[in-house]
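Undergrad: Here's my sequence, what's the structure:
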Amino acid sequence: MVRFIQQEASEKASEIKLKADEEFNIEKLRMVEAEKQKIRQEYERKEKQVEVQKRMCAAVRQLSPPSRAPPASRFGGYRRRSQDPAGGVRGGQQGASSR
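TA: Next up, the predicted model:
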């Protein structure tokens, strides 16, 4: 009789554990789906925000006068090699005879 009661208790405990596991998984799935939905909504909100910002930048570009070119450098766009007092060129290649 004691063995029968222990067997019944063991089966009941297994059923309870199984039901608790199922409920846990259902609740976990519900929470994960809710968080996924929040992330999707946040992503959509940010996409809209970026789109509005792009439109604003385009509108500002259309309304503002064309920008002028940046001022030329003091070297006129290129840099001259300075002459070495010995007659060579500093910073560049030496003559063909030094090869």
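
Undergrad: Report the rounded mean pLDDT for stretch 47-60.
TA: Mean per-residue pLDDT for stretch 47-60: 94.

Undergrad: buried ones in that stretch?
TA: Using 16 or more other Cβ atoms under 10 Å as the test for burial, stretch 47-60 gives no buried residues. C-beta coordinates here come from the backbone N, C-alpha and C atoms, glycine included.

Undergrad: in this structure, which spans are helices?
TA: With helices called from DSSP state H, the chain shows them at 2-63.

Undergrad: just for it, where's the confidence low?
TA: 66-99 (pLDDT under 70).

Undergrad: Kindly recompute the last result at 80.
TA: The chain contains residues with pLDDT under 80 at 65-99.

Undergrad: what sits against E11?
TA: Going by Cβ atoms under 8 Å, 6 or more residues apart in numbering, E11 touches no other residue.

Undergrad: quick one: it and E22, what's the gap?
TA: Counting by Cβ to Cβ, to the nearest Å, the separation of E11 from E22 is 17 Å.

Undergrad: do the same with I5
TA: With distances taken as Cβ to Cβ, I5 is found 26 Å from E22.

Undergrad: same thing with F4?
TA: Distance of F4 to E22, given as Cβ to Cβ: 27 Å.

Undergrad: got it, and K48?
TA: In terms of Cβ to Cβ, K48 sits 39 Å off from E22.

Undergrad: do the same with I39
TA: 26 Å.

Undergrad: Equivalent analysis for E51, please.
TA: E51 sits 44 Å away from E22 when distances are taken as Cβ to Cβ.

Undergrad: what about R45, neighbour count?
TA: 10 (other Cβ atoms under 10 Å).

Undergrad: Next: E23.
TA: By other Cβ under 10 Å, 10 other residues sit near E23.

Undergrad: do S10 as well
TA: For S10, using other Cβ under 10 Å, the count is 10.

Undergrad: Appreciated, that's everything.
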